[in-house]
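1. Model the structure of this input:
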Amino acid sequence: MLRRNKYAILLAALLCVILIQSFGERLLHPLLSDLAIMTTMLLVFLIVFEKRADRLVALMILIITATTLAAYYVLSDGYPQLLVRLINHSAKLLMIGFAALVILRNIFAQRVVRADDVLGAVCGYLLAAGAWAHLFLLIESCLPGSFSVSPGLSVGLDTWYGRVAILNNVSLASLTSIGSSGAVAVKPPATILVSLEALFGQFYIAVVVAQLVGARLSQDRL
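-> Reported below is the predicted structural model:
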């Protein structure tokens, strides 16, 4: 039962993470929030990666993610915590970006379409949004001022969690081509990457829907 509804479980976890990261000040203690996010990363590992080679690569990235998260809370303020955060988010970028690509690959190999497979496509879409958000976070951290925030927003780019909340919103708005009025990219390479994400979002929907419909029609003929 759980195996047949694996993507429904993952989708619920991803939506919870999106809710957690939408607040500039975490509703839960930051450690609890990070543990919830790490648990979702573990679910991604267990659900998405089925091939041995994929699991090996994903496991190495997951270990780096968990190690840097632990190091951030264990190390004292005298240590380079910003560097640890950047490594952590780089690992998350690789992990969920890889997961989105694996889901896309699995969709193209799909011959029988079930409801959970459609939810898997939605999970891939949200994972792609998360990967772009981590990329934007790394850019803003290394090149401050790449994004501009409207004065009316209650959170800004001056705190880490505020930065995460805003750039997640920018990523989802760009991927869906809705556009974000609260924060915009103002400097390269962020400007071009936001446009590329919008292009990727349209490509994802068009290709995935066409593939799922084609697989469904082929299935009905059998």
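
2. Buried residues, the lowest-mean-pLDDT helix or strand in the chain. List them.
-> Each helix and strand of the chain was given a mean pLDDT (mean pLDDT, DSSP states H and E); the minimum falls on helix 190-221 at a mean of 82. Residues of helix 190-221 classed as buried under the neighbour-count rule (16 or more other C-beta atoms under 10 Å) are 190, 193-194, 197-198, 200-201, 204, 208, 211-212, 215. To be clear about C-beta, it is placed using only N, CA and C from the backbone, and glycine gets the same treatment.

3. Show me what that helix is packed against.
-> helix 81-108, helix 115-142, helix 160-175, strand 183-185 (3 or more C-beta pairs under 8 Å, 6 or more residues apart in numbering; DSSP states H and E).

4. residue nearest the centroid of the chain?
-> residue 130 (1.9 Å; C-alpha atoms, centre = their mean).

5. residues contacting it?
-> Residues near residue 130 by C-beta atoms under 8 Å, 6 or more residues apart in numbering: 14, 17, 92, 96, 168, 171.

6. Can you check the pLDDT for residue 155?
-> The confidence metric pLDDT takes the value 70 at residue 155.

7. pretty sure it is touching residue 168, no?
-> No. With contacts counted by C-beta atoms under 8 Å, residue 155 stays clear of residue 168, the gap being 11.2 Å.

8. hang on, the earlier thing: got the helices and strands packed on helix 190-221 as TSV, with distance to residue 28 and mean pLDDT columns?
-> Listed next are the helices and strands packed on helix 190-221 as TSV, based on distance: least, C-beta to C-beta, whole Å; pLDDT from 0 to 100:
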stretch	distance to residue 28	mean pLDDT
helix 81-108	18	91
helix 115-142	19	92
helix 160-175	11	90
strand 183-185	24	87
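
9. Kindly reformat those as a markdown table containing distance to residue 25.
-> Putting the helices and strands packed on helix 190-221 into a markdown table (distance: least, C-beta to C-beta, whole Å) gives the following:
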| stretch | distance to residue 25 |
| --- | --- |
| helix 81-108 | 17 |
| helix 115-142 | 17 |
| helix 160-175 | 6 |
| strand 183-185 | 17 |
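
10. Which among the ones you listed is found nearest to residue 148?
-> strand 183-185 (5.7 Å; C-beta to C-beta).

11. Am I right that residue 148 sits in a strand?
-> Yes. Counting by DSSP: H, G, I helix; E, B strand; the rest coil, residue 148 falls inside a strand.

12. show me the contacts for it.
-> With C-beta under 8 Å, 6+ apart, residue 148 has these contacts: 183-186.

13. related to what we said a few turns ago, out of the helices and strands packed on helix 190-221, the one nearest residue 29 is which?
-> That would be helix 160-175 among those, by C-beta to C-beta, at 11.9 Å.

14. could you say what helices and strands the closest one packs with?
-> Judged by 3+ C-beta pairs under 8 Å, 6+ apart, helix 160-175 is in contact with helix 6-21, helix 115-142, strand 147-149, strand 183-185, helix 190-221.

15. Out of the buried residues of helix 190-221, which is nearest to residue 159?
-> Distances from residue 159 to these, taken by C-beta to C-beta, are shortest for residue 190, at 19.0 Å.

16. can you put the helices and strands packed on helix 160-175 in a markdown table and add distance to residue 71?
-> Putting those into a markdown table (distance: least, C-beta to C-beta, whole Å) gives the following:
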| stretch | distance to residue 71 |
| --- | --- |
| helix 6-21 | 21 |
| helix 115-142 | 17 |
| strand 147-149 | 27 |
| strand 183-185 | 29 |
| helix 190-221 | 28 |
